[in-house]
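Novice: Mind folding the following:
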Amino acid sequence: MTEKQTAALSDLLVTLSSPRSPISEAYRTLRTNLQFVSLDKPLRTLLITSPGPEEGKSTLLANLAIAIAQGEKKAIMVDCDLRRPSLHKLFGLDHQRGLTTMMLDDKALTDPPLQETGVPGLQLLASGPLPPSPPDLLGSQRMDRVLTVLKERADMVLLDAPPVIAVSDATILATKVDGVLLVVSAGQTRRDSVQAAKTRLEKVNARLIGAVLMNAPLDTSLQQYYYTRQEKG
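Specialist: Sure thing, here's the model as predicted:
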């Protein structure tokens, strides 16, 4: 891992900075739950979005992707937020080439501009140059081809999309993936916003596999007791 990448690894990436913490264990539990959800229908492409902005969807996606890679699976993160991309910032990477490059360049479609994150088995397809009309690109047949190419290179492809209520991007992408995970923030996300997001996803027949509550108070007493006993024993 480069110095630039190391400096970029903030407390947001707890699966790297605190791999034995209760929060990291929660991400591993989520990873396991997703595996069981997909027993009947393989979950190869997963869209992660939220009702509104600043609810933690990108942080969740990054940590979940790390947990998947730590479980010896190959994962690719795709920054489909072509308005406010942020995944490259979490890993200290560049975003000048990425998804939109693949959409416009045939050579990039066959040889995707994937970047190594420093985590074995985990790569990032950054946003690339931001387009004037993201829905047109995301809803195109070219996007289907991009996903097909990425699935050939990973066990799981995780897509970061803009909030559902703000723009149409997430609902467009929801029709192209195997499942959608909705992220809500405790004490911030309004109940009616969650319902509105759910309704919009259902209207396009999205496979909404569940929701994740971020920033909820966590009682760590049991986990702390377990790890303390384990270290002593």
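Novice: So the spatially most central residue of the chain: helix, strand or coil?
Specialist: Centroid-nearest residue in the chain: residue 61, 2.9 Å away (criterion: Cα atoms, centre = their mean). The assignment at residue 61 comes out as helix when based on DSSP: H, G, I helix; E, B strand; the rest coil.
Novice: got the contact list for it?
Specialist: Residue 61 makes contact with 48, 77, 87, 158, 160, according to Cβ atoms under 8 Å, 6 or more residues apart in numbering. All C-beta spots, glycine's among them, are computed from the backbone N, C-alpha and C.
Novice: On the three-state scheme, the closest residue to it other than its chain neighbours is what?
Specialist: Computed as Cβ to Cβ, 6 or more residues apart in numbering, the closest residue to residue 61 that is not its neighbour in sequence is residue 48, at 4.6 Å. Put simply, residue 48 is strand when judged by three-state DSSP.
Novice: hey, what's residue 48 bridged with?
Specialist: residue 160, residue 181 (DSSP bridges).
Novice: What is the burial count for it?
Specialist: Residue 48 has 25 neighbours, counted by other Cβ atoms under 10 Å.
Novice: what does residue 208 give?
Specialist: If we define neighbours as other Cβ under 10 Å, then residue 208 has 16 of them.
Novice: From residue 163, how far out is it?
Specialist: Relative to residue 163, residue 208 is positioned 15 Å away (criterion: Cβ to Cβ, to the nearest Å).
Novice: Break down this protein into its helices, ranges please.
Specialist: 3-8, 14-17, 22-37, 57-70, 87-90, 99-104, 106-110, 134-138, 141-151, 169-174, 191-203, 221-232 (DSSP state H).
Novice: In a markdown table: those helices, plus mean pLDDT and distance to residue 212.
Specialist: Putting the helices of the chain into a markdown table (pLDDT from 0 to 100; distance: least, Cβ to Cβ, whole Å) gives the following:
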| stretch | mean pLDDT | distance to residue 212 |
| --- | --- | --- |
| helix 3-8 | 48 | 24 |
| helix 14-17 | 90 | 14 |
| helix 22-37 | 90 | 7 |
| helix 57-70 | 96 | 6 |
| helix 87-90 | 94 | 17 |
| helix 99-104 | 96 | 23 |
| helix 106-110 | 95 | 32 |
| helix 134-138 | 96 | 23 |
| helix 141-151 | 97 | 22 |
| helix 169-174 | 97 | 15 |
| helix 191-203 | 94 | 12 |
| helix 221-232 | 41 | 19 |
